[in-house]
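> Have a look; sequence and predicted model below, questions after that.
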Amino acid sequence: MTSHSARRLTRALLLTVLTTVGVTSLASSAYATPNPKISFSDIAFDTTAVDVSGGYATVHVAWSVTDSNPAATSLSGAVSIQELDGGQAVGPAQVLHFWLPAQFPPVFNDPDSTIASSHYTSDFLVLQFAASTNPVWRVTKVSASDDAGTSKRIDGDLADLQVTGATVDTTPPEVLMFVPRSDQHNVVVDTGSGVVLHYQTVIDDLDTGFWKGRVVLAGPGGTRLTVPIVLTTGADGFLQCGLNELTITTDVFCDVDVTIPTGSPSGAWTVDSIQVTNNIGLTRRYTGTDLSVQPIHVTRNDTVTASDFSLTPTEVNNWRDGQTIALSMRVAGAQQGLSSVVLQQTGCAANTQTPAMAADGTVTIPIFFAFTEDCTVNGIAITDGAGNVAAYGSYYGLPPLNLATIRTPDTTKPVALTAVVSPSTRAADDPNHNVNVDITVDDDGLSPLSQYSVTFYDANGISVGGGSGGISQPPPGGVVHLLGVVNLVPGTYTAGFTIRDRAGNFSQYGYPNMPDNPAPSGPLVFTVVAS
């Protein structure tokens, strides 16, 4: 083959390859998937105008979503509806959240919806009160995204609802309550990492609903902290304020948490002001004195301090009478003496909160300890005359104080010294069926008697009556009456009884099936004679 012929063959083979590649590329291009996208349509209210002069009205808003991403299996999004007055936005947008597959109302999916084509409707509440007599509610934004990374958002004048007969809202929100949360102590110890103060508030706006607010706290050294009160959207699409889910915004129960910055000096934090705004922008401001919110003291235990805590004695007999025990400590750094010592205790009560302080700083507080098993002091807060505070114990989130006094244990069973049936005989026709077992008991000075039971048995060991109930410890040598009610059938009967003390110790006597526990004065015999 000549060189010229070889070049022509090479050119022909190259052309064939290029042509084949081109055809393949064209074929691949023809079957390629276009870029996936989301689009919206059919965004509309079910009416273009509504009259609310007779009260609120409910309309429906609908929209459709298409998603061409074949890899998508779920979809979520939001629709924003804004009130306008003279073309100007008023208040916050009302946001409707939607999901596919459906998760939560108030948005409902068409049952035939798929990721490729889904359809949604929702109730929309139009209140009678507004910023003007003829406001407009407008769908201003729709957004959606799928789990395969495709998303879309559109903004604009997407759908309008004309409102007539509205009443102009002239009343700003009202703060009905602003208080420390029930688990918030009025003394908080900052160990160096900062602390969070917890408040709760109830805000009413019965016309257009609460929108937002802010709280200003005043702290030591002229410090000011401003914290917003905001409504957020929870995972289920409903509004919430703090951790509290809201069904309406006209009556809002809200958590407000205030973080005290790390390194803040010890001192009291008070509510300086509260400002609240409703959904058309009307605002009301309260000062701290308007609501009389209790101050919260944050301390580093760096001025006045206490140590050498003890609770004595560690064991007392309070089974029958209350006892006074003593809490002692040593206080240092107090300015202008002591103003108060507040104890947090269980099972006992302090008799004073304004104790005297000895020259060496020793303070002793009497505590009344009555009838409970133990007295435990788990929190101590001291305040000096200058208002400096220190706190200790597990009640304040610190190591336990290990201050406890217990009641003297009682494991001794009560003892019956004597026992007789009274009366020992009755006639069958006697209208009085009451029969006592009268006992005397030994007294160990600890737990008193608290309960009894008595049972009468026939010759076959079958119960013919008895009774039970509470009893009191008699004085030394006193008699305890164990009351039973007996069927007066002629015959001879025996009795058994149980006595129990307040510690749970019990003794049993005279039962037919307990020959090793006879009655203390011999068999308890009761006779019923024929009429």
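Perfect, I can see it now.

> end-to-end on stretch 154-174?
With CA to CA, to the nearest Å as the measure, stretch 154-174 spans 37 Å from end to end.

> can you give me the mean pLDDT across that stretch?
Model confidence over stretch 154-174 averages 97 on the pLDDT scale.

> If you count neighbours, what's buried in it?
158, 159, 161, 163, 166, 169, 172, 173 (16 or more other CB atoms under 10 Å). For glycine as for every other residue, the C-beta is placed from the backbone atoms N, C-alpha and C.

> Repeat that for stretch 395-412.
Buried residues in stretch 395-412, defined by neighbour count with 16+ other CB under 10 Å: 395, 396, 398, 401, 403, 404, 405, 406, 407, 410.

> Same check on stretch 120-140?
Neighbour-count burial for stretch 120-140, counted by 16+ other CB under 10 Å, picks out 120-122, 124, 126-132, 135-140.

> Mind checking which of those residues land in strands?
Counting by DSSP state E, the members of those that fall within strands are 120, 121, 122, 124, 126, 129, 130, 136, 137, 138, 139, 140.

> how near is the nearest residue to the last one once chain neighbours are set aside to residue 401?
Beyond its immediate neighbours in the sequence, the residue positioned closest to residue 140 (CB to CB, 6 or more residues apart in numbering) is residue 82, lying 4.7 Å away. When CB to CB, to the nearest Å is the yardstick, residue 82 and residue 401 sit 57 Å from each other.

> swap in residue 233?
44 Å.

> pLDDT value on the nearest residue to residue 223 once chain neighbours are set aside, please?
Nearest-residue entry for residue 223: residue 264, 6.8 Å, with adjacent residues in sequence omitted and distances by CB to CB, 6+ apart. pLDDT, residue 264: 92.

> in which helix or strand would I find residue 264?
Element membership for residue 264, per DSSP states H and E: none, as it lies in no helix or strand.

> show me what contacts it?
190, 194, 219, 220, 223, 298 (CB atoms under 8 Å, 6 or more residues apart in numbering).

> Tally up the residues packed near the fifth one, please.
What that stands for is residue 223. Residues within reach of residue 223, counting by other CB atoms under 10 Å, total 14.

> I'd like the numbering to begin with 672 instead of 1 from here.
In the new count, where the first residue is 672, that last one comes out as residue 894.

> List the residues that contact residue 990.
Shown in contact with residue 990 (CB under 8 Å, 6+ apart): 1042, 1078, 1079, 1081, 1117, 1118, 1119, 1173, 1174.

> got CSV for those residues, with secondary structure, pLDDT and distance to residue 913 too?
Compiled in CSV, the contacts of residue 990 are given as follows (DSSP: H, G, I helix; E, B strand; the rest coil; pLDDT from 0 to 100; distance: CB to CB, whole Å):
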residue, secondary structure, pLDDT, distance to residue 913
1042, coil, 90, 41
1078, strand, 98, 43
1079, coil, 97, 48
1081, coil, 97, 49
1117, coil, 97, 52
1118, coil, 97, 49
1119, coil, 97, 51
1173, coil, 96, 46
1174, coil, 97, 47
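
> got the residues you listed as TSV, with distance to residue 1193 columns?
Shown next, in TSV, are the contacts of residue 990 (distance: CB to CB, whole Å):
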residue	distance to residue 1193
1042	37
1078	37
1079	35
1081	29
1117	28
1118	28
1119	27
1173	29
1174	29
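
> Would you mind measuring from residue 1059 to residue 824?
Distance, residue 1059 to residue 824, using CB to CB: 56 Å.

> Show me which of these two is the more surrounded one.
When residue 1059 and residue 824 are compared on other CB under 10 Å, the one with more neighbours turns out to be residue 1059, at 22 against 13.

> what's the residue lying closest to the more buried one once chain neighbours are set aside in contact with, if anything?
Closest residue in space to residue 1059, ignoring its immediate chain neighbours: residue 974 at 4.1 Å, by CB to CB, 6+ apart. Residues counted as contacts of residue 974 (CB under 8 Å, 6+ apart) are 937, 1004, 1006, 1055, 1059, 1061.

> Highest neighbour count among those residues?
Most neighbours among those, by other CB under 10 Å: residue 1061, with 26 neighbours.

> So what touches the host helix or strand of residue 1152?
Counting by DSSP H and E, the element that carries residue 1152 is strand 1151-1157. Where contact means CB under 8 Å, 6+ apart, the residues beyond strand 1151-1157 that reach it are 1093, 1097, 1104-1112, 1120, 1123-1127, 1135-1138, 1140, 1142, 1145, 1164, 1166, 1168, 1170, 1197, 1199.

> Residue 721 touches residue 730, doesn't it?
Yes - in this structure residue 721 lies within contact range of residue 730 using CB atoms under 8 Å: 5.7 Å.

> now the helices: where do they sit in the stretch 672-821 of the chain?
Along the stretch 672-821 of the chain, counting by DSSP state H, counting those that start in this stretch, helices occupy 674-702.

> any low-confidence regions in it?
With pLDDT under 70 as the threshold, the stretch 672-821 of the chain has low-confidence stretches at 672-704.
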